[in-house]
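Enquirer: predicted model and sequence follow; I will ask about them next.
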Amino acid sequence: MSAPDPGVLEAAFAATWPAAARQRLGRFVLQQSPGGGRRVTAAGLIGDGAGADEIDAAMARMRDWGQVPRFRVRADQARLDAALAARGLEVAAPSQILAAPVAALRAIEVPRLSAFEIWPPLAIMTEIWEDGGIGPDRCAVMARTAGARTALFGRLGDRPAAAAFLAASGPVAMLHALEVRPGLRRGGAGRRLVGYAARWAAGRGCRHLAVAVEAADADARAFYAALGMAETGRYHYRECQ
């Protein structure tokens, strides 16, 4: 099965980890959120090659909101990237979007009582996320996601081991915030949650499961690559320091 269409993947990226508010300003789509990380506060450009006035207006609006001027730049937006660099905005968090066919990931063995879908998340799941740096602001992003969504809970034996958030948008399901407790890593809990996620996605008509990973996170990239998830897109942020 071929990789998901880039436009479909972009739509899933936005729909499954949504900003609190979005506003169109020229060809930019601005995002406003009280915390929640770069994904829900960065502006995105439709197409490429924004003019100086468009960039200046977008930066001014973000400052008016009390946000750091920040843009998400895809790999196919070289002209935007150059224009932002010329203004002194620095690169942050280069990332990859990885994806694999749901049909392939469903082959991952998920032993009985090792993975569950639970919504709203249990307190122990929130604790696992918090221990991994995924705090209340990011949990608020999960709560405001519309459409099909769930949280996944993983166990190793009788020990709470992992948590993740999963949401669907058209033919793509995106896995977010997969966190395994440090002392229980490499025990299979993360792998089983991915297998469970594929089964959940298949039940909602999705053909691909995708995840966004920072390029600097070598362990996460190796984990997903071992499951057969391949790069389908790249992006980074440009932001004022």
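Expert: Cool, the structure landed.
Enquirer: only C-alpha atoms for contact and neighbour calcs from this point on.
Expert: Fine.
Enquirer: tell me what the helix or strand harbouring Ala222 is packed against?
Expert: Here Ala222 sits within helix 218-226, counting by DSSP states H and E. Packing partners of helix 218-226 (3 or more C-alpha pairs under 8 Å, 6 or more residues apart in numbering; DSSP states H and E): none among the helices and strands.
Enquirer: can you tell me the SS state at Gly190?
Expert: Per DSSP: H, G, I helix; E, B strand; the rest coil, the local secondary structure of Gly190 is helix.
Enquirer: next, count neighbours for it.
Expert: As a burial measure, Gly190 scores 26 neighbours (other C-alpha atoms under 10 Å).
Enquirer: was I right to think it contacts Leu156?
Expert: No. With contact defined as C-alpha atoms under 8 Å, Gly190 does not count as touching Leu156 (10.1 Å).
Enquirer: for the residue nearest to Gly157 when sequence neighbours are not counted, what are its contacts?
Expert: Among residues not flanking Gly157 along the chain, Ser114 sits closest, at 7.4 Å (C-alpha to C-alpha, 6 or more residues apart in numbering). Going by C-alpha atoms under 8 Å, 6 or more residues apart in numbering, Ser114 touches Gly154, Arg155, Leu156, Gly157, Ala189, Arg192.
Enquirer: apply 7 Å and report the result again.
Expert: Gly154, Arg155, Leu156 (C-alpha atoms under 7 Å, 6 or more residues apart in numbering).
Enquirer: and the angle from the helix or strand hosting His236 to helix 218-226?
Expert: Assigned by DSSP H and E, His236 belongs to strand 230-239. On the basis of axes from the mean of the first three to the mean of the last three C-alpha atoms, to 10 degrees, strand 230-239 is oriented at 150 degrees to helix 218-226.
Enquirer: secondary structure class for Leu80?
Expert: helix.
Enquirer: ok, now which ones touch it?
Expert: Applying C-alpha under 7 Å, 6+ apart, the residues near Leu80 are Asp48, Gly49, Ala50.
Enquirer: please parse the protein into its domains.
Expert: Listed domain ranges for the chain are 18-94, 99-235 (source: automatic domain parsing).
Enquirer: tell me how far the ends of the first one are from each other?
Expert: Between the opening and closing residues of domain 18-94 there is a gap of 20 Å (C-alpha to C-alpha, to the nearest Å).
Enquirer: state the mean pLDDT of that domain.
Expert: Summarised as a single mean, pLDDT over domain 18-94 is 96.
Enquirer: what does the last one give?
Expert: When pLDDT is averaged over domain 99-235, the result is 97.
Enquirer: between the two ends of it, how far is it?
Expert: Termini of domain 99-235 sit 15 Å apart (C-alpha to C-alpha).
Enquirer: many thanks, I have nothing further to ask.
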